[in-house]
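Novice: Structure here, sequence nowhere to be found:
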């Protein structure tokens, strides 16, 4: 494994890099200020993925001041658990109401009314 993937807890299920997220941001081709708010959800004993994957990603986003939240649960499950639903929805409501409502179309933005969007939640 490349050094960015070490230490690797369980090579049999795969390992995630410690300081990478998405090439477009990691390379500097797009400013971190353009990264959308991101919620990362994972169980602390995930049986099907690197159990630190969400935390590694979260740490990079925090380092770059991206609005983010890491929602963990004490479980071996590799899915959304009931205890994670409320904080996940709260994250969406908080950050969707703060985002400028726009739809990118060929590098232009069409405004919309955020209040109308929120009523639909």
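Specialist: Structure's in. What do you need? Note that the structure is predicted; figures quoted are calculated from it, not measured. Residues are numbered from 1 along each chain as shown.
Novice: can we go C-alpha only for contacts and neighbour counts from here?
Specialist: Will do.
Novice: distance of the most centrally placed residue in the chain from residue 16?
Specialist: Closest residue to the average C-alpha location of the chain: residue 38 at 3.6 Å, with C-alpha atoms, centre = their mean. From residue 38 over to residue 16 the distance is 18 Å, taken as C-alpha to C-alpha, to the nearest Å.
Novice: again, but for residue 62
Specialist: As judged by C-alpha to C-alpha, residue 62 and residue 16 stand 17 Å apart.
Novice: So if I had to pick from those two, which one is more boxed in?
Specialist: Neighbours were counted for residue 62 and for residue 16 using other C-alpha atoms under 10 Å; residue 16 has more, 22 against 12.
Novice: for whichever helix or strand residue 59 is part of, packing partners?
Specialist: Assigned by DSSP states H and E, residue 59 belongs to helix 53-63. Other elements packing on helix 53-63 under the criterion 3 or more C-alpha pairs under 8 Å, 6 or more residues apart in numbering; DSSP states H and E are strand 38-43, strand 68-73.
Novice: now the ones you listed as JSON lines including mean pLDDT and distance to residue 7?
Specialist: Shown next, in JSON lines, are the helices and strands packed on helix 53-63 (pLDDT from 0 to 100; distance: least, C-alpha to C-alpha, whole Å):
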{"stretch": "strand 38-43", "mean pLDDT": "96", "distance to residue 7": "19"}
{"stretch": "strand 68-73", "mean pLDDT": "96", "distance to residue 7": "21"}
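Novice: need those strands in a markdown table with distance to residue 20, can you?
Specialist: Listed next are the helices and strands packed on helix 53-63 as a markdown table, based on distance: least, C-alpha to C-alpha, whole Å:
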| stretch | distance to residue 20 |
| --- | --- |
| strand 38-43 | 15 |
| strand 68-73 | 15 |
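Novice: for the ones you listed, which one sits closest to residue 96?
Specialist: Distance to residue 96, taken as C-alpha to C-alpha, is lowest for strand 38-43 among the helices and strands packed on helix 53-63, at 10.8 Å.
Novice: Return the set of buried residues in that closest one.
Specialist: Of the residues in strand 38-43, 38, 39, 41, 42, 43 count as buried by neighbour count, 16 or more other C-alpha atoms under 10 Å.
Novice: All set, thanks.
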